[in-house]
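A.B. asks: Need the 3D shape of this:
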Amino acid sequence: MDRRTFLTATAAALALPGSARARVQPSERRFLLVFAQGGWDTTRVLSPMFHTSRVDVEAAAEPWSVGGLSLVDHPDRPSVRAFFEAWADRVALVHGLLLPSVAHVPCTEIALTGGTRGQADWLTRLAAADPDRYVLPHLVMGAPSFPAEHGQVVARAGARGQLDGVISGSLVSASGGRLVSPELEALVDRTVEQRASSLAAGARPRDGALLAAFDQATLRAHDLKAARDVMRFAGDGTLISKLDVAVDALSSGMSRVVSVGFPDLASGWDSHADNDPTQGALWEELGGGLLHLVDRLASTAGEAGGTLLDEITVVVLSEMGRAPLKNVAAGKDHWPYTSAMLLGSGVRGGVTVGGYDDDLRGLPLDGGAQPSAADLGATLMTLGGGESEGSPLGALLTSA
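C.D. replies: Below is the predicted model of the structure:
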């Protein structure tokens, strides 16, 4: 479905998942990133560390195995349990990812791009591979992104869907401004387009590329205005409502990639004090959100004969982990090793790659390589049909 088709599309019909999973071409695969902002404590759910005294564990927590995964169960996290009971066999875990920093900004950039050299993040690169196909190739809702040279394919909806107000003009009215008439708006648009085309005809290569990007962005703005009655970006601020917007954008053909930040505050998981109450509540909300998300993906018809779960790859990631032991404030400080979770299209479920030693340091993979964010990114690029140098994770995590 291309961006023109989207303007007249209706919601996809519900369908029961079949026994066989539909296969999609990498170039057709779409992506949803859920980014846990602030640095999550994976030992509370994803990485059980009951075998060592050098890592703090919760008194009420217990080791738990389900669907081929080894996890942590806790009575205060029933939504986490429900999610993995339903979908562990579609989930792949990556443990021991090294993010060589303990500062949020560089760790975030490394987690999403593989380095700190100003390059575009992997998902934006995939969105930019076929930019004319989507109205908003990479839709960002309160999450970090690094567009670099691909800024024209990234649109920020705002954590509370403020993009709706921009499209409708209500944001201008609410601020005391005045909207121009549709006739004047159309005249301004034509004038700007004609001026840009004229400049592009005699521009130097670099300037020409910038003007071409501007032209793409202008066309998308027109399509977005035309779609104002089809798509809504505002929710009630909860994770579930943001995930619903994400599914709408991906299933309708509006976007190829959606990035969702959770929670809205970038420091949400940054539990330097009171680690367990903070982390426990966030893991429980995340579990409920993921259960809602995957249930919806698995019950909504896709374009290739299966469901959306066969066509959309979900990545759940944070920029860092938490230290193995608590500090004097019952919190946990920054830690450069973390875990990631993948599920859905192209992902080999029920597998765990990598691990931790008794001090919560990441273990090398077979062959001696330390798993890195760059390896994870290369795997995503392969799944999406983008240029990639390959990754030792790819063969272990992917089913196609």
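A.B. asks: from the chain's centre, how far out does the helix or strand encompassing residue 193 sit?
C.D. replies: Applying DSSP states H and E as the criterion places residue 193 in helix 182-201. Computed by C-alpha atoms, centre = their mean, to the nearest Å, the chain-centroid distance of helix 182-201 equals 35 Å.
A.B. asks: Next: stretch 251-270.
C.D. replies: For stretch 251-270, the distance to the chain centre is 6 Å (C-alpha atoms, centre = their mean).
A.B. asks: Okay, buried residues for that stretch please.
C.D. replies: By 16 or more other C-beta atoms under 10 Å, the buried positions in stretch 251-270 come out as 251-264, 266, 268-270. The C-beta positions use only the backbone N, C-alpha and C, and glycine is treated the same way.
A.B. asks: Also stretch 327-341?
C.D. replies: 331-341.
A.B. asks: next one: stretch 105-125
C.D. replies: Within stretch 105-125, the residues scored as buried using 16+ other C-beta under 10 Å are 106-114, 119-125.
A.B. asks: can you check stretch 233-245 too?
C.D. replies: For stretch 233-245, a neighbour-count test (16+ other C-beta under 10 Å) marks 233-235, 239-245 as buried.
A.B. asks: Would you format the residues you listed as JSON lines with distance to residue 53 and secondary structure included?
C.D. replies: Output for the buried residues of stretch 233-245, formatted as JSON lines (distance: C-beta to C-beta, whole Å; DSSP: H, G, I helix; E, B strand; the rest coil):
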{"residue": "233", "distance to residue 53": "48", "secondary structure": "coil"}
{"residue": "234", "distance to residue 53": "48", "secondary structure": "coil"}
{"residue": "235", "distance to residue 53": "44", "secondary structure": "coil"}
{"residue": "239", "distance to residue 53": "35", "secondary structure": "helix"}
{"residue": "240", "distance to residue 53": "38", "secondary structure": "helix"}
{"residue": "241", "distance to residue 53": "42", "secondary structure": "helix"}
{"residue": "242", "distance to residue 53": "39", "secondary structure": "helix"}
{"residue": "243", "distance to residue 53": "38", "secondary structure": "helix"}
{"residue": "244", "distance to residue 53": "43", "secondary structure": "helix"}
{"residue": "245", "distance to residue 53": "44", "secondary structure": "helix"}
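A.B. asks: before we move on, back to that, list the ones among the buried residues of stretch 251-270 that fall in strands.
C.D. replies: Judged by DSSP state E, the buried residues of stretch 251-270 include 257-262 as members of strands.
A.B. asks: Can I get the residues you listed in CSV including pLDDT and distance to residue 149?
C.D. replies: Formatted as CSV, these follow (pLDDT from 0 to 100; distance: C-beta to C-beta, whole Å):
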residue, pLDDT, distance to residue 149
257, 98, 16
258, 97, 21
259, 97, 18
260, 96, 24
261, 95, 23
262, 96, 28
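A.B. asks: Which of those sits closest to residue 274?
C.D. replies: residue 262 (19.0 Å; C-beta to C-beta).
A.B. asks: Contact partners for the residue nearest to the closest one when sequence neighbours are not counted?
C.D. replies: Among residues not flanking residue 262 along the chain, residue 239 sits closest, at 5.2 Å (C-beta to C-beta, 6 or more residues apart in numbering). Contacts for residue 239 (C-beta atoms under 8 Å, 6 or more residues apart in numbering) come out as 260, 262-263, 285-286, 288-289.
A.B. asks: ok, now residue 70?
C.D. replies: Contacts of residue 70 (C-beta under 8 Å, 6+ apart): 48, 63-64, 352.
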